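K.L.:
only the shape, not the letters, is given here:
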């Protein structure tokens, strides 16, 4: 279990380093052009996810996401103790990844985002994003397990562009991104709306898992 927790911590930290760092770099090199920044951000995130999932899935399953871990717990693949360990590692890892990225870019390590992300459309977008991500993982594990890394990476890359919320779909990521006042940030006051939508998604997926098991 120790190795699994470490893998979840490292994987989530590196994921947030990729997300945050590519956002900073994209905005800087794109002369604050949002489309260029988002393009760089989405491609880097997709590539990073593919590598992280491929390398760490054999160790921990490469969840890097509390709602993904909850889905596997509901399906009986994790016990409560493991779930708690995974979620704790993911949250601490996500925050660590953001802070390390700030240091790499010579920015103040401790920040709070001022970027608003709220409204019905944004919340519905997050619900859809989380549902899509969880469905892709669940179906991928069931029918195309050897391609899960690619499926998740491509889904997230596309999600940056087809959702108004830019596809957070992850409570740990959402919390960590409230701690960076950069391109990828989210105002702390808006975190609750995002996380609530993500939790509704896992509730719906859990109901589906329960129905399937009957």
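P.N.:
Cool, got the structure. Small disclaimer: the values here were computed from a predicted structure and weren't measured.
K.L.:
grab the most central residue of the chain for me.
P.N.:
residue 170 (4.1 Å; C-alpha atoms, centre = their mean).
K.L.:
go ahead and confirm that residue touches residue 65.
P.N.:
Yes. Counting by C-beta atoms under 8 Å, residue 170 does reach residue 65; the two are 4.4 Å apart. Every residue, glycine included, has its C-beta placed from N, CA and C.
K.L.:
what is in contact with the two at once?
P.N.:
By C-beta atoms under 8 Å, 6 or more residues apart in numbering, residue 170 and residue 65 have no common neighbours.
K.L.:
what's next to the lowest-mean-pLDDT helix or strand in the chain, contact-wise?
P.N.:
Here the helix or strand of the chain ranked lowest by mean pLDDT, DSSP states H and E is helix 191-213, holding a mean of 91. Residues outside helix 191-213 that contact it (C-beta under 8 Å, 6+ apart): 67, 70-71, 74-75, 117-118, 122-124, 126-127, 130-131, 134-135, 138, 165, 168-171, 174-175, 178, 186.
K.L.:
just the buried residues of those.
P.N.:
Neighbour-count burial within the contacts of helix 191-213 applies to 67, 70-71, 74-75, 117-118, 122-123, 126-127, 130-131, 134-135, 138, 165, 168-171, 174-175, 178, 186; the criterion is 16 or more other C-beta atoms under 10 Å.
K.L.:
would you map the helices across this structure?
P.N.:
2-29, 34-60, 66-74, 80-104, 120-143, 148-162, 171-177, 191-213 (DSSP state H).
K.L.:
need the winner for burial among those.
P.N.:
helix 171-177 (a mean of 26; mean count of other C-beta atoms under 10 Å).
K.L.:
pLDDT value on residue 1, please?
P.N.:
On the pLDDT scale, residue 1 is placed at 89.
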